[in-house]
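Asker: I'll drop the sequence and a predicted model, then ask my questions.
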Amino acid sequence: MLALAALICCTVIAAPQTTPPKQQPAGRQRVALPEEDPGFVALLDKLAERAALYRARALGFTCREICVVAEYDADTTEYRKNRRTVRDYLFEEKDGQLREVREDLIQEKDGVKRKSTEFDPPMPPAYAWASLFARESRTKFHFRPAGQTVKAFRLLTLIDFTGTSPNPGGDSIAGWAGQAALDDKMLNIWSLEAQPTGQEVRLQAEILRYTRAFAIVGVPLASKPHGWRLAVTFGMTQQGLSYPTEQILSQTSLGRANKMNESERTTLRYEDYRFFGVEASPEEMAGSEEAPPDPNRKLP
């Protein structure tokens, strides 16, 4: 009996054993996203500084815009016709916002006549993409690194972007999603490809609705689905900044066999840049046969 009592007493007064903390399963550990990489965050900060410089230079140039609108048969993909227009092009600031200003150039016997135009393409101004990485755009886009590649002996940094605008497409860059290629050395946009945000999902739903729509004499009553693809090239450099030289908007429409084919292509080419308010390089001051020097520019 004494031995049993001693055993019970030892059990009561013994210090409680501490239970080791449970370790979190390895699968529950948070993994850092590629866009959270410190190097990528630092790159976005540098690009924001470049974007601010582009915004300051937006009112410092004019150029010639050559517009070619070509039409195609969406069923046969055959070319139909095109129309070509040449315009003077520049930006002006109104109520704190930049807007495009265009004037048609009409060749007549006694010279070139300028005429105002209502031309308003359903795409952002090509130069507006220079503000893609501006600090004020951070809430309008989601950015993600996409690696690097080499084109035309140039190392390019690729960045995917997705605009968050509730109105996909249109003349605001926030309505588009795609990939930008930047010169790794100068951090200027070299080229860009985009489509309206969420277009693939929208087209799937519209094609399904179109194919199931009530038809009269084999023609569905629903509207044909349309899609858009945008490509921009920044091919001209002046004082360390690149300027757009071409922008192409391709419209696709549902054709035979329920395949999306190109139905219209709008090509905008930008030539004969003229800069003011900034100093030009010796090459630009000298000009060329295609782009003679500006007679209004004063030599240093």
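Answerer: Yep, it's here.
Asker: quick one: low-confidence parts of the chain?
Answerer: Across the chain, the ranges flagged by pLDDT under 70 are 1-28, 214, 216-220, 278-300.
Asker: which ones are touching the residue nearest to A213 when sequence neighbours are not counted?
Answerer: Using CB to CB, 6 or more residues apart in numbering and skipping residues adjacent in sequence, the residue nearest A213 is A222, 3.6 Å away. All C-beta spots, glycine's among them, are computed from the backbone N, C-alpha and C. For A222, the contact set (CB atoms under 8 Å, 6 or more residues apart in numbering) comprises 209-210, 213.
Asker: got the residue ranges for the helices in the stretch 51-200 of the chain?
Answerer: Counting by DSSP state H, counting those that start in this stretch, residue ranges of the helices within the stretch 51-200 of the chain are 199-212.
Asker: Relative to R102, which of the contacts of A222 is nearest.
Answerer: Using CB to CB, Y210 comes nearest to R102 of the contacts of A222, at 35.1 Å.
Asker: and the residue nearest to A213, helix, strand or coil?
Answerer: Here A222 is recorded as coil under DSSP: H, G, I helix; E, B strand; the rest coil.
Asker: From T245, how far off is T117?
Answerer: Per CB to CB, to the nearest Å, T117 is found 21 Å from T245.
Asker: same check, this time on E271
Answerer: 8 Å.
Asker: again with Y210
Answerer: With CB to CB as the criterion, Y210 and T245 are 37 Å apart.
Asker: For T117 and T245, indicate the residue with more neighbours.
Answerer: Under the neighbour definition other CB atoms under 10 Å, T117 and T245 were set side by side, and T245 has more, 17 against 14.
Asker: May I have the phi/psi pair for that one?
Answerer: Main-chain dihedrals, T245, degrees, to the nearest 10: phi -120, psi -20.
Asker: Not counting its neighbours along the chain, what's nearest it?
Answerer: Counting by CB to CB, 6+ apart, the nearest residue to T245 once its immediate chain neighbours are dropped is G235, at 3.7 Å.
Asker: do the same with F276
Answerer: Spatial nearest neighbour of F276, chain neighbours left out: G60 (6.1 Å); criterion: CB to CB, 6+ apart.
Asker: ditto for S116
Answerer: Taking CB to CB, 6+ apart as the measure, S116 lies nearest to E103, with 6.1 Å between them; neighbours along the chain are not counted.
Asker: I189 versus T233, what's the distance?
Answerer: Relative to I189, and taking CB to CB, T233 is found at 9 Å.
Asker: whoops, A205 was the one
Answerer: Here the criterion is CB to CB. By it, A205 lies 32 Å from I189.
Asker: more crowded one of the two?
Answerer: When A205 and I189 are compared for neighbours, I189 comes out ahead with 26 against 10, by other CB under 10 Å.
Asker: Could I get the contacting residues of that one?
Answerer: 129-130, 132, 180-183, 232, 234, 242.
Asker: Name the residues linked to it by a beta bridge.
Answerer: According to DSSP bridges, the partner residues bridging I189 are L182.
Asker: before we move on, what about T157?
Answerer: Listed beta-bridge partners, T157: Q148, L182 (assigned using DSSP bridges).
Asker: that older thread, surely the residue nearest to F276 touches G277?
Answerer: Yes - distance between G60 and G277: 4.4 Å, which falls inside the contact criterion (CB atoms under 8 Å).
Asker: Not including adjacent chain positions, what is the nearest residue to K151?
Answerer: In space, and not counting its chain neighbours, K151 is closest to A181: 7.4 Å by CB to CB, 6+ apart.
Asker: Which ones among the contacts of I189 map onto strands?
Answerer: Among the contacts of I189, the residues falling in strands (DSSP state E) are 180-183, 232, 242.
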